[in-house]
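**Q** starting from these lines, generate the structure:
(one chain, ligands or ions: 1)
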Amino acid sequence: MRTKMVAGNWKMNKTLQEGVALATELKETVKNPSCAVVIGTPFIHLATVSELLKGSPIKVAAENCADKDKGAFTGEVSAAMVKSTGAEYVILGHSERRAYYHEDYAILREKVRLALDNGLKPIFCIGEVKEEREAGKQNEIVKAQLEGSVFNLTAEEWNNITLAYEPVWAIGTGLTATPEQAQEMHAYIRSLVAEKYGKQAAEDTTILYGGSCNEKNAAELFANEDVDGGLIGGAALIGEKFRAIIAAR
Ligand code: PEP
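**A** As a prediction, the model looks like this:
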């Protein structure tokens, strides 16, 4: 049985005090979720929020880590540093990192490698932009993203990977993939994992949907066989909405 999961991605939102307030609220209200729950916070929150959530089922993710091990890389935060905060996960390959910070397949391959080597579990994001979907190229795009950055992993390493299909045209736009579009793509992604790592590994791989998933559409998306949960941006910033999405899973 693969893990069902709802993960939040706070992005560059919330001061430390605001983040602590939301994490405290979630700790007090999410006690027995029927799925794994992860919150992705800015680096500066990680240590405090990880400490605060000790004893809670909620786990913590970084939203990025460096593609270098250590040393003279001013402003960067390494996977080892993330791990030392108590965070268990790291979101990698988010479309905002790919688009605004030019993270290409090779850079992401390094980040995934360093995350795994340091005991972090990557939540690896893939997805096509609007023009690619309109040209019917979505399958070839996600295939190339997987082949470019994570299909080099061993079968054992693969067990620590969670995938998130996030059509870029749906992120923060209010446009959501239809349940049919999500299911079709998730099934395709699972078939690629099966080709590479075998049927059982594919069955065990958690594939989240992300892109304007909210408290209103979550249940319909999660009802699909291959949609194992969600990676949630905007709606993860409001405790009540995030809780409703968790309840829908
Ligand atoms: C995201 O950025 O991962 C995301 C899914 O954002 P939103 O839910 O706001 O579309």
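**Q** so what's residue 240 closest to, chain neighbours aside?
**A** residue 215 (7.8 Å; C-beta to C-beta, 6 or more residues apart in numbering). C-beta coordinates here come from the backbone N, C-alpha and C atoms, glycine included.
**Q** now residue 214
**A** Nearest residue to residue 214, sequence neighbours excluded (C-beta to C-beta, 6+ apart): residue 235, at 4.4 Å.
**Q** what's the burial count for that neighbour?
**A** 20 (other C-beta atoms under 10 Å).
**Q** now swap in the one 3 residues further on and tell me
**A** Burial measure for residue 238: 14 neighbouring residues, criterion other C-beta under 10 Å.
**Q** measure it to residue 119 for me?
**A** Counting by C-beta to C-beta, to the nearest Å, the separation of residue 238 from residue 119 is 31 Å.
**Q** what's the answer for residue 182, then?
**A** Counting by C-beta to C-beta - residue 182 and residue 119 are separated by 31 Å.
**Q** settle it for me: which of those two has more neighbours?
**A** Using other C-beta under 10 Å, the more surrounded residue of residue 182 and residue 119 is residue 182, with 26 against 12.
**Q** does the more buried one touch residue 228 like I think?
**A** No: with contact defined as C-beta atoms under 8 Å, residue 182 does not reach residue 228; the gap is 11.0 Å.
**Q** which one is the residue in the chain that the ligand sits nearest to nearest to, not counting chain neighbours?
**A** Closest approach between the chain and the ligand, counting by C-beta to the nearest ligand atom: residue 233, at 2.2 Å. Of all residues not flanking residue 233 in the chain, residue 9 sits nearest, at 5.1 Å (C-beta to C-beta, 6+ apart).
**Q** now residue 208
**A** Residue 208's closest residue in space is residue 164 (C-beta to C-beta, 6+ apart), at 4.2 Å.
**Q** shouldn't the one you found be in contact with residue 124?
**A** Yes: between residue 164 and residue 124 there is a contact under C-beta under 8 Å: 6.9 Å.
**Q** I'd say residue 209 and residue 177 touch.
**A** Yes: taking contacts as C-beta under 8 Å, residue 209 lies within contact range of residue 177: 7.0 Å.
**Q** please identify which of the two sits among more neighbours.
**A** Comparing residue 209 with residue 177 by other C-beta under 10 Å, the one with more neighbours is residue 209, at 31 against 27.
**Q** for that one, what are its contacts?
**A** Neighbour list for residue 209: 164-166, 177, 182, 186, 221, 227, 229-231 [criterion: C-beta atoms under 8 Å, 6 or more residues apart in numbering].
**Q** now the two most distant members of the residues you listed.
**A** 177 and 229 (14.5 Å; C-beta to C-beta).
**Q** now do the helices in the protein.
**A** 16-29, 46-52, 79-84, 95-100, 105-117, 130-134, 138-149, 155-158, 179-197, 199-204, 218-222, 239-248 (DSSP state H).
**Q** tell me how far residue 244 lies from residue 56.
**A** 18 Å.
**Q** so which residues on the protein come close to the ligand?
**A** 9, 166, 171-172, 210-213, 231-235 (C-beta under 6 Å from any ligand atom).
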